[in-house]
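Asker: Requesting a structural model of the entry that follows:
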Amino acid sequence: MFEHKLIDIQKRLKQPVAKATGLPNERYVNEHAFTEDRKSVMGTGWACIAFAEDLPEKNYVLPIDFMGIPLVVTRDNENMLRVFHNVCSHRGMHLAEEPCQTKGMLVCPYHSWSYKLNGELRGTPHIGGYGIHEHPDFDRKSGALREVRSQVWLDAVFINLSGDAVAFNDYIEPLTRQFNDLCDANDRLQFASNNADCRTTMTVKSNWKLPVENYLESYHLPTVHPELNKTSPLDEHFDLERFENGGGQGSENYSKTPINGSYLPELGSWSGDKKNLAIYPVLYPNTLIGLHSDHLFIMYLQPTAMDETVEHVRISYVGDEALGAQYQTHRETMLQTWTDVFAEDIFAVERMQTGRASPGYEGGVFSPAMDAPTVHFHEWVADQLVKHA
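Answerer: A predicted model of the protein is given here:
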């Protein structure tokens with residue numbers, strides 16, 4: 001049994017920041033809490049699970065572990081991406097095991113039932129007896145793969161597992177409004193990346209919520225990121241406008257770095273008087289974003305256990321030109337820079353996870369000036385747990 005009831009957790013967070021108490025330890029170290037997070041927090045909103053370029057060809061499948069639930073992303077012969085539960089409708093056998101290109105079918109290794117990549121049940125060998133592959137009492141449509149509601153945005157693949165979240169465009173509208181203050185919406189479609197030098201992954205031994213909390217605030221910059229703090233100091237960071245499903249921070253001191261006498265291409269609509277602005281929002285529950293005039297990164301968090309999270313990072317640049325050989329050193333430098341920054345955070349979130357074993361800590365106290373984004377996230381998590389209990 002949990003020591004803290006969900007309604008009590010919610011009440012202790014609905015206070016001024018200086019008086020609020022954070023999520024209790026059990027929300028980070030309890031297996032049942034992890035399952036509740038999947039059902040009530042991750043599963044009820046829009047969670048990022050992949051990048052579209054992870055499926056590089058037609059007729060491709062990408063299996064995903066979504067907090068213990070097997071899913072599969074498919075790209076069919078018409079280039080349409082969909083997400084399904086990765087189990088055969090007949091006896092529940094796990095279907096796709098590895099990312100791969102197929103011949104346009106997912107075939108169950110148990111009884112060889114086959115599915116088109118749009119989920120349609122195509123083949124049912126011997127269903128009517130040996131050599132008889134049809135049966136008048138069997139409704140083939142009822143055996144289709146179960147589809148999961150999905151959406152692709154800036155090449156990131158999002159799902160709503162419960163199927164009843166608000167429309168995706170409504171979900172992200174407060175975030176895109178902040179994007180629109182910096183650059184034109186159509187201009188952002190120029191962002192592009194490749195698999196060669198635009199991505200990395202890191203495994204963090206912590207509950208998924210701690211990387212979110214760490215990313216939301218800039219308070220830790222002088223201690224955890226001393227080099228970054230020299231070029232983008234704490235006093236030039238600010239809290240972004242918080243909205244129902246997100247928050248974050250921004251910097252007034254982003255500057256492009258010349259390499260070999262040249263700079264990466266910029267978005268043409270980026271306002272000149274905001275050239276040094278960058279924003280770092282989080283789209284709850286698990287999508288961390290960095291928007292700059294010359295690049296965009298998206299990190300999605302894949303919780304693989306109560307105390308383990310995989311961070312998937314993808315960096316995009318402005319147009320195909322930026323992906324050419326002329327800018328390879330720029331891309332390699334950018335990837336290494338962000339990899340170093342994200343790696344510096346690992347010790348912090350892992351030691352916070354270790355600290356959640358202490359009975360001397362039960363949610364902590366907050367800085368009234370620096371921790372409002374973290375409290376906002378805690379309150380959002382508590383609200384989802386209560387709402388969907």
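
Asker: Neighbours of the residue nearest to E36 when sequence neighbours are not counted, how many?
Answerer: Closest residue in space to E36, ignoring its immediate chain neighbours: L385 at 6.3 Å, by C-beta to C-beta, 6 or more residues apart in numbering. In short, each C-beta sits where N, CA and C put it, glycine included. Counted with other C-beta atoms under 10 Å, the neighbours of L385 add up to 22.

Asker: ok, now how distant is L385 from T35?
Answerer: Distance, L385 to T35, by C-beta to C-beta, to the nearest Å: 12 Å.

Asker: I'd like to know how many residues surround the residue lying closest to D320 once chain neighbours are set aside.
Answerer: Nearest non-adjacent residue to D320, counting by C-beta to C-beta, 6+ apart: A192, 6.0 Å away. Number of residues near A192 (other C-beta under 10 Å) recorded here: 17.

Asker: Show the contacting residues for the closest residue to N25 other than its chain neighbours.
Answerer: Excluding its sequence neighbours, the residue lying closest to N25 (C-beta to C-beta, 6+ apart) is R356, at 4.4 Å. Residues near R356 by C-beta atoms under 8 Å, 6 or more residues apart in numbering: N25, Y28, V29, N207.

Asker: Show the pLDDT at F2.
Answerer: Looking at F2, its pLDDT is 65.

Asker: Likewise for P233?
Answerer: Reported pLDDT for P233: 83.

Asker: these two touch, right, A343 and M202?
Answerer: Yes - contact criterion C-beta atoms under 8 Å: A343 and M202 qualify, at 6.7 Å.

Asker: Compare those two and say which is more crowded by neighbours.
Answerer: Just comparing A343 and M202: by other C-beta under 10 Å the higher neighbour count belongs to M202, 16 against 13.

Asker: Quick check: which element contains that one?
Answerer: Using DSSP states H and E, M202 sits within strand 199-204.

Asker: what helices or strands is the top helix by length along the chain leaning on?
Answerer: Longest helix in the chain, counting residues (DSSP state H): helix 328-355. Other helices and strands packing on helix 328-355, by 3 or more C-beta pairs under 8 Å, 6 or more residues apart in numbering; DSSP states H and E, are strand 199-204, helix 209-216, helix 221-224, strand 295-305, strand 308-318.

Asker: go with 10 Å
Answerer: Contact here means 3 or more C-beta pairs under 10 Å, 6 or more residues apart in numbering; DSSP states H and E; on that basis helix 328-355 packs against helix 26-29, strand 199-204, helix 209-216, helix 221-224, helix 226-231, strand 287-291, strand 295-305, strand 308-318.

Asker: which stretch in the ones you listed is the model least sure about?
Answerer: helix 226-231 (a mean of 80).

Asker: The residue nearest to E36 contacts P24, doesn't it?
Answerer: No - between L385 and P24 there is no contact under C-beta atoms under 10 Å: 11.7 Å.

Asker: what is in contact with those two at once?
Answerer: I9, A33 (C-beta atoms under 10 Å, 6 or more residues apart in numbering).

Asker: S269 is nearest to which of the helices and strands packed on helix 328-355?
Answerer: Smallest distance to S269 across the helices and strands packed on helix 328-355 (C-beta to C-beta): 10.7 Å, for strand 308-318.

Asker: Dump the helices and strands packed on helix 328-355 into JSON lines; add distance to K274 as well.
Answerer: Shown next, in JSON lines, are the helices and strands packed on helix 328-355 (distance: least, C-beta to C-beta, whole Å):
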{"stretch": "helix 26-29", "distance to K274": "37"}
{"stretch": "strand 199-204", "distance to K274": "27"}
{"stretch": "helix 209-216", "distance to K274": "22"}
{"stretch": "helix 221-224", "distance to K274": "21"}
{"stretch": "helix 226-231", "distance to K274": "18"}
{"stretch": "strand 287-291", "distance to K274": "11"}
{"stretch": "strand 295-305", "distance to K274": "15"}
{"stretch": "strand 308-318", "distance to K274": "16"}
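
Asker: looking at the ones you listed, which is closest to F347?
Answerer: Among the helices and strands packed on helix 328-355, helix 221-224 sits nearest to F347 (C-beta to C-beta), with 8.0 Å.
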